[in-house]
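Asker: Pasting the sequence and the predicted coordinates here, then a few questions.
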Amino acid sequence: MPQGGIDVGEAPRAAAMRELTEEAGTNKVQIIAESEGWLTYEFPDELRNRVWGGRYAGQAQRWFLMRFTGEDSDINIAALEPSEFAAWQWMRLDELVHGIVAFKKSVYNCIATKFGATIRNETYQK
């Protein structure tokens, strides 16, 4: 789940595509849905001072549901140096929600609810 900041003057949709390209090495996607508003979470106290030098208490995020239109070989998590990820894998939505850290779980549950019906109604072809 690539995530990142929005640059000054950058639209959320453009930022999502930029972050995906930076972190996954591909932009071979089609945006099919967008969260209606901003979803927020706070860092737990034990992380707050370690994450980004303590400058932020949490994050407000805009989420996009994307259909991947490429091949697995198009994904390159080492495209950005240093890479933010050690590995990647496809996961079912319920696996993703179950496996996320506790302080982000409410956001992921919200996304699963908002995008779940769309995902279930999609036809995926390999």
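Answerer: That came through fine.

Asker: Tell me how far the lowest-mean-pLDDT helix or strand in the chain lies from the chain's centre.
Answerer: Counting by mean pLDDT, DSSP states H and E, the chain has its least confident helix or strand at helix 45-48, which shows a mean of 84. Computed by Cα atoms, centre = their mean, to the nearest Å, the separation of helix 45-48 from the middle of its chain amounts to 21 Å.

Asker: Give the next helix or strand downstream of that helix.
Answerer: strand 58-61 (DSSP states H and E).

Asker: How many residues are close by Thr118?
Answerer: Neighbour count for Thr118, taken as other Cβ atoms under 10 Å: 12. No exception for glycine: its C-beta is placed from N, CA and C like everyone else's.

Asker: And for Leu80?
Answerer: There are 15 residues near Leu80, going by other Cβ under 10 Å.

Asker: Contacts only, for the nearest residue to it once chain neighbours are set aside.
Answerer: Nearest residue to Leu80 in three dimensions, chain neighbours excluded: Glu22, at 4.8 Å (Cβ to Cβ, 6 or more residues apart in numbering). The neighbourhood of Glu22, defined by Cβ atoms under 8 Å, 6 or more residues apart in numbering, consists of Pro2, Gly4, Ala79, Leu80.

Asker: Thr40 now?
Answerer: For Thr40, the residues meeting the contact criterion (Cβ under 8 Å, 6+ apart) are Gly58, Gln59, Ala60, Gln61, Val107.

Asker: What residues are bridge-paired with it?
Answerer: Ala60 (DSSP bridges).

Asker: now the helices for the protein?
Answerer: In the chain, helices defined by DSSP state H lie at 12-24, 45-48, 93-99, 105-121, listed in chain order.

Asker: Flag every buried residue along stretch 48-63.
Answerer: Gln59, Gln61, Arg62, Trp63 (16 or more other Cβ atoms under 10 Å).

Asker: Ala79 is in contact with Arg18, isn't it?
Answerer: No: at 12.0 Å, Ala79 and Arg18 do not qualify as touching, with contact defined as Cβ atoms under 8 Å.

Asker: more crowded one of these two?
Answerer: Using other Cβ under 10 Å as the criterion, Ala79 and Arg18 rank with Arg18 on top: 17 against 13.
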